[in-house]
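S.K.: Below are the sequence and a predicted model; questions follow.
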Amino acid sequence: MDKIYVITTIEIPSKFSSHAVGWYHSFEDAEKAVLENMSGIDECLYDYVVIEEISQGTYCLATQESWYEWIDRKYQKSEKPKGLKGIISFGIG
């Protein structure tokens, strides 16, 4: 089954907001975009990024997540924030 990897930025401290900024056919390309902060994904605003694996179709749920946190002026691999446990499909949902 075809899959895409959706990149979604998330702001938590002041209020919760999220924005899907792109997608790729491979996880490796999506992760590279996040780790290199391509096109200024952080926008000096977003504390977290999640890459979600999503299958083709209608009303599809994310099957895998990879989380990144903005630390020392770059995104670094991290855990899912505790306040978001149990929530899925940030990019397409």
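M.R.: On my side now, so go ahead. Residues are numbered from 1 along each chain as shown.
S.K.: only C-alpha atoms for contact and neighbour calcs from this point on.
M.R.: Fine.
S.K.: Walk me through which strands the least confident helix or strand in the chain by mean pLDDT pairs with, and which way each runs.
M.R.: Within the chain, no helix or strand scores below strand 17-24, which has a mean of 92 by mean pLDDT, DSSP states H and E. For strand 17-24, the paired strands and their directions (DSSP bridges) read strand 3-11 (antiparallel).
S.K.: just how off-centre is the partner strand within its chain?
M.R.: Offset of strand 3-11 from its chain centre (Cα atoms, centre = their mean, to the nearest Å): 3 Å.
S.K.: wait, what's in contact with the spatially most central residue of the chain?
M.R.: For the chain, the residue sitting closest to the mean C-alpha position, by Cα atoms, centre = their mean, is residue 50 at 2.1 Å. The contact partners of residue 50, taken as Cα atoms under 8 Å, 6 or more residues apart in numbering, are 6-10, 65-68.
S.K.: Could you give the bridge partners of it?
M.R.: Those that pair with residue 50 in a beta bridge, by DSSP bridges, are residue 8, residue 67.
S.K.: And it, how close does it get to residue 90?
M.R.: 8 Å (Cα to Cα, to the nearest Å).
S.K.: just residue 24 next, same as before
M.R.: Taking Cα to Cα, one finds residue 24 at 16 Å from residue 90.
S.K.: if you count what's nearby, which of the two comes out ahead?
M.R.: residue 90 (21 against 17; other Cα atoms under 10 Å).
S.K.: For the residue nearest to that one when sequence neighbours are not counted, the count of nearby residues, please.
M.R.: Leaving aside its chain neighbours, residue 90 sits nearest to residue 8 (6.7 Å; criterion: Cα to Cα, 6 or more residues apart in numbering). A count of nearby residues for residue 8, using other Cα under 10 Å, gives 24.
S.K.: next one: residue 82
M.R.: Residues near residue 82, counting by other Cα under 10 Å: 7.
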